[in-house]
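Visitor: Here is a sequence together with a model predicted from it:
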Amino acid sequence: MRPLRHPFRALATLAVASLALPFIAGTAAAQDSAALEALDAQLPGDLVNDPSRIDWQSYGADLEASSVVDESIPGGGAARRFEVKRAAEFIYAAGTNIPLTETVRRGDTVTVGFYARTIEADTEDGNGVLRVRFQRNVEPYPGFGEQTLTIGRDWAWYEVSAQAEQRLRSADSIIAVQFGRTRQAIEIGQAIVVTGADSIAGAGPVAVAAAAYAIPELEMPESLEGTGTLLNDPGQNFWKFGGSAGRFESRHEPEIWMMRATRFSVAEDGTTLTDLAATVPINQRIDEGDELVIAIAARTISAQSEDGRAVAASRIQGTSPPFESFAANRFRIGPQWQLIRIETRAPRGYGAGGAELELYFGGTVQEVDLGPVYVFRKARGE
């Protein structure tokens with residue numbers, strides 16, 4: 001995560017409301033576990049990611065990321081489309097991160113494979129270009145196994161393999177897929193990461209596709225329907241994380257929309273609010289004067305506070321210098337799932353991917369579950 005450029009001197013009090021959420025039951029946890037076990041049994045080595053998920057964290061000031069669902073897409077019928085609007089000097093200026101769910105030990109052979117195709121690219125042959133890197137997603141972003149791939153116009157299976165030069169922890173390690181140096185539109189579908197094997201497909205990508213299963217669809221709370229234009233991807237919870245105050249863990253939670261949450265845990269006093277943070281990318285542009293609505297699903301698991309409620313904060317911040325920020329808020333979170341609603345006005349414009357929502361959970365001993373996050377632009381005149 002990029003270091004904070006602006007200290008949290010004061011937190012403004014804007015329109016913040018909490019709404020209780022209904023209980024949402026489901027059996028997806030058992031189904032997901034069985035599907036992953038079935039896939040793992042068919043693969044060489046050990047599966048160390050969740051191939052059913054494509055809600056990866058993406059970044060880049062000139063990048064637009066969106067979801068594509070079509071039965072013709074191999075490996076599950078869904079993909080992420082990445083459109084680089086303007087080429088940058090460095091390939092890592094835009095990319096997406098595939099998180100690991102298991103630790104990779106130093107010396108292990110680790111292999112990533114994924115489906116991909118190019119829609120268009122500003123290259124001589126019209127093919128896209130991306131780089132794959134195994135790395136930790138914390139400064140100074142140490143990694144290994146860099147390899148640049150040429151992505152053709154038709155769906156194909158691509159693999160990169162390397163020997164782990166360092167230990168990759170499941171809590172903060174990723175497969176970095178970088179593509180910012182070329183103006184292009186690329187689609188990436190199901191991705192699989194294994195250890196203990198230098199090839200995944202073996203007999204061919206069809207064998208991998210046969211074990212795939214569907215990607216969960218986006219769910220919208222009834223209270224947010226008609227709010228406006230959605231500017232982020234609420235189905236994604238593999239955000240950027242940072243801070244030294246505690247830890248974070250991705251969890252399956254059947255009581256909340258899309259049944260995914262991240263638990264933030266602070267174990268020691270004496271930290272500051274910004275010492276444990278998540279960064280939620282805002283993929284669409286924001287215009288000066290836009291009326292924005294931020295809705296955050298969250299609940300307190302435990303907190304050493306007088307009322308037993310956890311304290312959190314949020315603000316919207318630019319992704320490039322001078323990293324201006326606005327809509328700073330502090331709020332308390334109850335023990336049941338709540339939808340915390342924040343309304344604000346943008347003081348300036350930001351291009352697509354030029355702003356992000358920062359969420360902070362440090363400052364006191366507490367455990368907080370963070371569910372889906374929604375950022376809307378209200379229609380003019382509402």
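Guide: Structure received.

Visitor: CA atoms for contacts and neighbours, from now on please.
Guide: Will do.

Visitor: quick one: the helices in the chain?
Guide: With DSSP state H, the ranges of helices along the chain come out as 28-42, 205-209.

Visitor: Could you break this structure into its assigned domains?
Guide: 15-21+221-377, 37-209 (automatic domain parsing).

Visitor: Throw these into a markdown table and include mean pLDDT and mean neighbour count, thanks.
Guide: Below are these laid out as a markdown table (pLDDT from 0 to 100; neighbours: other C-alpha atoms under 10 Å):
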| stretch | mean pLDDT | mean neighbour count |
| --- | --- | --- |
| domain 15-21+221-377 | 88 | 20 |
| domain 37-209 | 88 | 20 |
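
Visitor: okay, Ile215: pLDDT?
Guide: We have a pLDDT of 46 for Ile215.

Visitor: Do a quick rundown of the strands in the stretch 101-250 of the chain.
Guide: 109-121, 128-136, 143-151, 156-163, 173-178, 184-195, 229-230, 240-242, 246-252 (DSSP state E, counting those that start in this stretch).

Visitor: and of the ones you listed, who's closest to Ala379?
Guide: strand 229-230 (7.4 Å; C-alpha to C-alpha).

Visitor: gap between Asp108 and Glu165?
Guide: Using C-alpha to C-alpha, to the nearest Å, we find Asp108 at a distance of 8 Å from Glu165.

Visitor: circling back to that earlier point, okay, the strands of the stretch 101-250 of the chain in JSON lines with distance to Tyr360 next?
Guide: JSON lines is the format used below for those (distance: least, C-alpha to C-alpha, whole Å):
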{"stretch": "strand 109-121", "distance to Tyr360": "32"}
{"stretch": "strand 128-136", "distance to Tyr360": "21"}
{"stretch": "strand 143-151", "distance to Tyr360": "27"}
{"stretch": "strand 156-163", "distance to Tyr360": "35"}
{"stretch": "strand 173-178", "distance to Tyr360": "21"}
{"stretch": "strand 184-195", "distance to Tyr360": "30"}
{"stretch": "strand 229-230", "distance to Tyr360": "22"}
{"stretch": "strand 240-242", "distance to Tyr360": "10"}
{"stretch": "strand 246-252", "distance to Tyr360": "11"}
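
Visitor: So what would you say the end-to-end distance of stretch 320-329 is?
Guide: Stretch 320-329 end-to-end distance (C-alpha to C-alpha) = 21 Å.

Visitor: Stretch 219-228 now?
Guide: 15 Å.

Visitor: where's that stretch relative to the chain centroid, distance-wise?
Guide: 21 Å (C-alpha atoms, centre = their mean, to the nearest Å).

Visitor: can you check stretch 80-95 too?
Guide: 16 Å.

Visitor: what's the answer for stretch 233-243, then?
Guide: 4 Å.

Visitor: CA atoms of that stretch as CSV?
Guide: Coordinates of each C-alpha in stretch 233-243 appear next as CSV, following Å, rounded to 0.1, in the frame of the first residue of the first chain:
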residue,chain,number,x,y,z
ASP,A,233,-16.8,-3.2,-8.0
PRO,A,234,-18.5,-4.2,-4.8
GLY,A,235,-17.9,-7.9,-5.6
GLN,A,236,-14.2,-7.4,-5.0
ASN,A,237,-12.7,-7.6,-1.5
PHE,A,238,-9.1,-8.4,-2.4
TRP,A,239,-8.1,-4.8,-1.9
LYS,A,240,-4.7,-3.2,-1.0
PHE,A,241,-4.0,-3.6,2.6
GLY,A,242,-1.4,-1.9,4.8
GLY,A,243,-0.3,-0.8,8.3
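
Visitor: Residues contacting it, please?
Guide: 1, 55-57, 66, 99, 137-138, 217-219, 248, 250, 258, 260-262, 274-283, 371-374 (C-alpha atoms under 8 Å, 6 or more residues apart in numbering).

Visitor: now do stretch 87-97
Guide: By C-alpha under 8 Å, 6+ apart, stretch 87-97 touches 56-63, 84, 130-131, 174-183.

Visitor: Between the two ends of it, how far is it?
Guide: Note: stretch 87-97 ends 19 Å apart using C-alpha to C-alpha.

Visitor: Name the nearest residue to Thr96, sequence neighbours excluded.
Guide: Ser58 (4.1 Å; C-alpha to C-alpha, 6 or more residues apart in numbering).

Visitor: Is that neighbour in contact with Arg80, as I believe?
Guide: No. With contact defined as C-alpha atoms under 8 Å, Ser58 does not reach Arg80; the gap is 10.0 Å.

Visitor: Mind listing the shared neighbours of the two?
Guide: With C-alpha under 8 Å, 6+ apart as the test, Ser58 and Arg80 both reach Ala65.

Visitor: Return the residue of this protein that is most distant from the centre.
Guide: Distance from the C-alpha centroid of the chain peaks at Glu306, with 33.1 Å (C-alpha atoms, centre = their mean).

Visitor: Need phi/psi at that one.
Guide: phi -60, psi -40 (degrees, to the nearest 10).

Visitor: ditto for Ile200
Guide: Per-residue torsions, Ile200: phi -100, psi -50 (degrees, to the nearest 10).

Visitor: quick one: contacts for the residue nearest to Thr96?
Guide: Ala65, Ala94, Gly95, Thr96, Asn97, Pro281.

Visitor: Check Pro44 too.
Guide: Contacts of Pro44 (C-alpha under 8 Å, 6+ apart): Val194, Gly196, Ala197, Ser199, Ile200.

Visitor: just Ala191 next, same as before
Guide: Neighbouring residues of Ala191 by C-alpha under 8 Å, 6+ apart: Pro51, Ile54, Ile98, Val112, Gly113, Phe114, Tyr115.
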